[in-house]
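Enquirer: show me how the following folds:
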Amino acid sequence: MVAKILGMGCSKCQTLEAKVREVAGKNNIDVTVEKVTELAKIQAYRVMMTPALVVDEVVKAYGRIPKEDEILKWLKGE
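Expert: So this is what the prediction gives:
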């Protein structure tokens with residue numbers, strides 16, 4: 001599973017990345033976390049605001065930091 005954090009490196013983007021890594025670690029979920037900072041690549045996902053979370057190429061959230069239970073559900077593939 002691949003989770004991508006879309007954003008230009010803002011504090012919210014960093015918080016989202018840390019939260020995804022924390023949730024995955026707590027629940028023994030094998031996930032590769034990638035940061036996408038290039039504007040053209042971010043725009044390819046058609047997100048209106050960052051940070052955004054993409055799990056296995058599906059945009060799950062953008063413009064906010066999702067709650068831990070949401071992230072867990074997405075990382076489990078639900």
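Enquirer: can you name the residues that contact residue 1?
Expert: Applying C-beta atoms under 8 Å, 6 or more residues apart in numbering, we find residue 1 in contact with 29-32, 55-56, 75, 77. Where C-beta positions appear, they are placed from N, C-alpha and C, glycine not excepted.
Enquirer: just send the residues you listed back as TSV, with pLDDT too.
Expert: Listed next are the contacts of residue 1 as TSV, based on pLDDT from 0 to 100:
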residue	pLDDT
29	96
30	96
31	97
32	97
55	98
56	97
75	97
77	90
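Enquirer: taking these, tell me the two that lie furthest apart.
Expert: 32 and 77 (14.6 Å; C-beta to C-beta).
Enquirer: centre of the chain to the helix or strand hosting residue 24, how far?
Expert: Secondary structure from DSSP states H and E places residue 24 in helix 11-26. Counting by C-alpha atoms, centre = their mean, to the nearest Å, helix 11-26 is centred 8 Å from the centre of its parent chain.
Enquirer: the helix or strand that that helix is followed by pairs with which strands, parallel or anti?
Expert: Using DSSP H and E, the helix or strand that follows helix 11-26 in sequence is strand 32-36. Using DSSP bridges, the strands paired with strand 32-36 are strand 2-6 (parallel).
Enquirer: list the contacts of the partner strand.
Expert: Outside strand 2-6, the residues touching it (C-beta under 8 Å, 6+ apart) are 13, 16-17, 20, 24, 31-36, 41-42, 45, 47, 50-57, 62, 75.
Enquirer: okay, that strand in PDB with CA atoms only?
Expert: Provided in PDB are the C-alpha atoms of strand 2-6 (Å, rounded to 0.1, in the frame of the first residue of the first chain):
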ATOM      1  CA  VAL A   2       1.200   3.500  -0.800                       C
ATOM      2  CA  ALA A   3       0.000   6.600   0.900                       C
ATOM      3  CA  LYS A   4       0.900   9.900  -0.700                       C
ATOM      4  CA  ILE A   5       0.900  13.300   1.100                       C
ATOM      5  CA  LEU A   6       0.200  16.000  -1.400                       C
END
